[in-house]
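Asker: let's see this in three dimensions:
(one chain, ligands or ions: 1)
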Amino acid sequence: MNIDTTRLEGKVAIVTGAASGIGAATARRLAAEGARVLLTDIQDEVGSDLASDIGNGATFQHCNVVNEADVAAAVQTAVDTWGRLDIVHNNAGFGGVSGPIESTTADGWASTLDVLLTSVFFGTKHATPAMRDSGGGSIINTASVCGLRAGIGSHAYTVAKHGVIGLTRSTALELAEYNIRVNAICPGYIATGLSAGRSRSEIDEAEMAERLEKARGWGSDAQAMNRMGEPEDIAAAVAWLASDDSEWVTGTEQVVDGGLLNGRAWRKLPKAITEDRPVRLYAPGSYE
Ligand SMILES: NC(=O)c1ccc[n+]([C@@H]2O[C@H](COP(=O)([O-])OP(=O)(O)OC[C@H]3O[C@@H](n4cnc5c(N)ncnc54)[C@H](O)[C@@H]3O)[C@@H](O)[C@H]2O)c1
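Answerer: Prediction:
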């Protein structure tokens, strides 16, 4: 893959949930394209190690996205360190509460919406003045295919991701005035800690690799493209949304799902549709 190492030169980015999975791949990709990146997460050790590994001035700051003061502090750090803010990837997340609606607790519901949706509100709110002062910017919110369709994730997850798309559309209309673009990215099944069911702080690299391999097994079957998505697939799309190449794009949902939402893979369709058969005239008298 060819990466333009200057496309994001001069730009300053914050990525939330950057210690793992999609956020980690995005932080790497934005830095590889020349941006200064502040990685934030609650997995401090893993996040700090990754920032050092990325180099190019990348730094890590603890930020629990359900805590508005943490989000505001991350924005402040980016501006204090590099003098501006151009890109925010509101990405941190988890699986949240699952199960039947009648056994879903109020606490589980609230914490799922806090982590997945209120966090995006905080990120957008605090990025706005800093980006306005910088002459504009690009906010990219990680939603999901679950933000566009029911039946793929749990109730609370589905609602939260629909909310992320609603917030994206709504804020894009307001913030265009300041040359701030807001878009959502909708990944399909991606091989990350979330799909592996564990975070990197809980298990070592070897166990994570093993779990991801297993996930790639079931994940390859879910969509037309016969492999599970990788964090880098999403990072590439986020980098495009972050760059000036997408300067006329705002308020959209970018689906990156290997064809999942489009329907059942050809290889999963009934043989009656996919197998070669002689064409028979379907007309009165021709029925058998
Ligand atoms: N993996 C998928 O199949 C998939 C599909 C669609 C959408 N997503 C979304 O992608 C985003 C990233 O998830 P991922 O798949 O990379 O999983 P991941 O577990 O690899 O990464 C999520 C990161 O978010 C961090 N995080 C969790 N709660 C946090 C909090 N309160 N404050 C700060 N950081 C927090 C975790 O520590 C972790 O580093 C999430 O919003 C998720 O809902 C994932």
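Asker: and Ile180, what does it touch?
Answerer: By Cβ atoms under 8 Å, 6 or more residues apart in numbering, Ile180 lies in contact with 127-128, 131-132, 136-139. Placement of C-beta: from N, CA and C, glycine included.
Asker: let's see 6 Å
Answerer: Ile180 makes contacts with 131, 136-137, as judged by Cβ atoms under 6 Å, 6 or more residues apart in numbering.
Asker: distance to Arg36 added to those residues, as JSON lines?
Answerer: As requested, those are exported to JSON lines (distance: Cβ to Cβ, whole Å):
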{"residue": "Met131", "distance to Arg36": "15"}
{"residue": "Gly136", "distance to Arg36": "17"}
{"residue": "Gly137", "distance to Arg36": "14"}
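Asker: in strands, which of the residues you listed appear?
Answerer: Of the positions in these, Gly137 sit in strands, assigned by DSSP state E.
Asker: including neighbour count, could the contacts of Ile180 go into CSV?
Answerer: Below are those laid out as CSV (neighbours: other Cβ atoms under 10 Å):
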residue, neighbour count
Met131, 27
Gly136, 16
Gly137, 26
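Asker: for Arg29, state which of the contacts of Ile180 is nearest.
Answerer: Nearest to Arg29 among the contacts of Ile180: Gly137, at 17.4 Å, using Cβ to Cβ.
Asker: and Asn262, how many neighbours?
Answerer: 11 (other Cβ atoms under 10 Å).
Asker: need phi/psi at it.
Answerer: phi -70, psi -20 (degrees, to the nearest 10).
Asker: which residue is the nearest non-sequential neighbour of Gly123?
Answerer: Nearest non-adjacent residue to Gly123, counting by Cβ to Cβ, 6 or more residues apart in numbering: Asn90, 3.9 Å away.
Asker: report how many residues lie close to the one you found.
Answerer: Neighbours of Asn90 (other Cβ under 10 Å): 31.
Asker: report the beta-bridge partners for it.
Answerer: Asn141 (DSSP bridges).
Asker: in this structure, where's the longest strand?
Answerer: Ranking each strand of the chain by length (DSSP E) puts strand 180-187 first.
Asker: could you point out which element follows that one?
Answerer: helix 193-196 (DSSP states H and E).
Asker: mind checking what helix or strand follows that next one in sequence?
Answerer: Past helix 193-196, the next helix or strand by DSSP H and E is helix 205-219.
Asker: what packs against that following helix?
Answerer: helix 193-196 (3 or more Cβ pairs under 6 Å, 6 or more residues apart in numbering; DSSP states H and E).
Asker: pLDDT of the helix it packs on, averaged?
Answerer: Helix 193-196 carries an average pLDDT of 95.
Asker: one more: stretch 205-217?
Answerer: 95.
Asker: that one vs the ligand: in contact?
Answerer: No. Stretch 205-217 lies out of reach of the ligand by Cβ under 6 Å from any ligand atom, never closer than 8.6 Å.
Asker: and that stretch, which residues are buried?
Answerer: 208, 211-212, 215-216 (16 or more other Cβ atoms under 10 Å).
Asker: farthest-apart pair in those, please.
Answerer: Across those (Cβ to Cβ), the longest gap, 12.5 Å, separates Met208 and Arg216.
Asker: quick one: the residue nearest to Gly123 and Gly23, what's the gap?
Answerer: Counting by Cβ to Cβ, to the nearest Å, the gap between Asn90 and Gly23 amounts to 10 Å.
Asker: same check, this time on Trp266
Answerer: 33 Å.
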